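> Here you go, sequence then predicted model.
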Amino acid sequence: MKFDPNQHLHLGYYENNVDLEAVAYKIQNENKWVVFLDNEQDTTLVQKILDQYDYHEKYGYKIFTIDADDLSYEVGSKLLEEWLKTNNVI
């Protein structure tokens, strides 16, 4: 998996006393983005589910992918919120 060095997007969820950030990286020559939860932040809230996700030393935990050519902050952050709800974090 090789990422486009010119395309990444910071995503966030900042409601209900939750402050979580993720970064989406676009796969080079594909209409796909891979979203990673940055492990440099406080991940206490999601710690109980992180063991089911692949960890990449450079990027953090790979939590989901998005099929899209272009990705906006609004769409990406909404998908992050849905991931948090699906995993009973919020």
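Sure thing, it's come through.

> max-length strand in this structure?
If you go by DSSP state E, the chain has its longest strand at strand 3-13.

> Tell me which strands that one pairs with, and in which orientation.
Sheet pairing for strand 3-13, assigned by DSSP bridges, gives strand 20-27 (antiparallel).

> which is the next helix or strand following the strand it pairs with?
strand 32-37 (DSSP states H and E).

> OK, contacts around the residue in the chain sticking out farthest from the centre?
Within the chain, residue 29 marks the point farthest from the mean C-alpha position, 19.8 Å out by CA atoms, centre = their mean. By CB atoms under 8 Å, 6 or more residues apart in numbering, the contact list for residue 29 reads residue 4. Heads up, the C-betas are built off the backbone N, CA and C, glycines and all.

> distance between the ends of stretch 7-18?
This stretch, stretch 7-18, spans 26 Å end to end (CA to CA, to the nearest Å).

> what angle separates the longest strand of the chain from strand 32-37?
On the basis of axes from the mean of the first three to the mean of the last three CA atoms, to 10 degrees, strand 3-13 is oriented at 50 degrees to strand 32-37.
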